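> only the shape, not the letters, is given here:
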């Protein structure tokens, strides 16, 4: 199977080859966006992400075989336009008591009940995060990107990613402890609170 870099390079002379990049990554990009905004906006932003990627493919760094961080960077920049709306939505989720839509079925009912209990506090904590810290946390937790991939996606140094993630985790942890969703536990006397 061709790498993303190979597909992007080939698409410069045969634009239909870019469809392989779309096929590899659309579901994960759209899924990430759907966790951040409503489905219709997420689908619109996902489509625009790939349109912008297609338009900017000549500038892609072909030494990077995987285009996922590049695509998340585009998607994250598109989301930046909607941050005010996103914060209002997170606050509304916190008031409503839900962060993500409920699933059907009994397979993971215990996990869903735990998530339902944590959702209002988590949504409130996410709304309180600064936009840059929230982006890093959600790219790490929801998109499953590494520090290096987040660094590429947001065009910031890896050290900045680590400090933003640490700050975001700390605030979310404190909010969840304060809401009695998780219990504080000290680990090894280091003075750091670990859930």
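Nice, thanks for sending it over. Predicted, not measured: the structure shown is a model, and the values here were computed from it.

> low-confidence ranges, this protein, go.
83-87, 89-91, 93-119, 179-195 (pLDDT under 70).

> how about a cut-off of 90?
For the chain, the stretches with pLDDT under 90 are 1, 35-41, 79-132, 134-135, 138, 141-144, 171-195.

> run through the strands of it in chain order.
185-186, 193-194 (DSSP state E).

> dump the residue contacts of residue 136.
150, 154, 161, 164-165, 168 (Cβ atoms under 8 Å, 6 or more residues apart in numbering). Placement of C-beta: from N, CA and C, glycine included.

> what's the farthest-apart pair in the residues you listed?
Spanning the widest gap among those are 154 and 168, at 13.1 Å by Cβ to Cβ.

> show me the chain divided up by domain.
Following automatic domain parsing, one finds the domains of the chain at 1-81, 88-181.

> ends of the shortest one, how far apart?
Think domain 1-81. Terminal residues of domain 1-81 are spaced 35 Å apart (Cα to Cα, to the nearest Å).

> spit out the contact partners of the closest residue in space to residue 57 that isn't next to it in sequence.
Leaving aside its sequence neighbours, residue 57 sits nearest to residue 8 (Cβ to Cβ, 6 or more residues apart in numbering; 5.0 Å). Residues in contact with residue 8 (Cβ under 8 Å, 6+ apart) are 18, 21, 57, 60, 62, 67.

> re earlier: out of the contacts of residue 136, flag the one nearest to residue 12.
Among those, residue 154 lies closest to residue 12 (Cβ to Cβ), at 25.8 Å.

> correct me, but that closest one touches residue 76?
Yes: using Cβ atoms under 8 Å, residue 154 is in contact with residue 76, at 6.4 Å.

> quickly list what's touching both of these two.
The contact lists of residue 154 and residue 76 share 135, 139, where a contact means Cβ under 8 Å, 6+ apart.

> how close does residue 61 sit to residue 38?
Using Cβ to Cβ, to the nearest Å, residue 61 is found at 33 Å from residue 38.

> hey, where'd the helices end up in this structure?
Along the chain, counting by DSSP state H, helices occupy 4-11, 19-36, 39-55, 68-80, 83-96, 109-128, 131-141, 147-154, 158-178.

> ok so, going back, most neighbours, which of the contacts of residue 136?
residue 150 (27 neighbours; other Cβ atoms under 10 Å).

> how close does residue 43 sit to residue 148?
28 Å.

> which one of these two is surrounded by more residues?
Set side by side, residue 43 and residue 148 show more neighbours around residue 43, with 14 against 11, by other Cβ under 10 Å.

> in contact with that one, which residues?
Per Cβ under 8 Å, 6+ apart, neighbours of residue 43: 30, 33-34.

> turn those into a markdown table, including neighbour count.
A markdown table is the format used below for those (neighbours: other Cβ atoms under 10 Å):
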| residue | neighbour count |
| --- | --- |
| 30 | 19 |
| 33 | 27 |
| 34 | 19 |
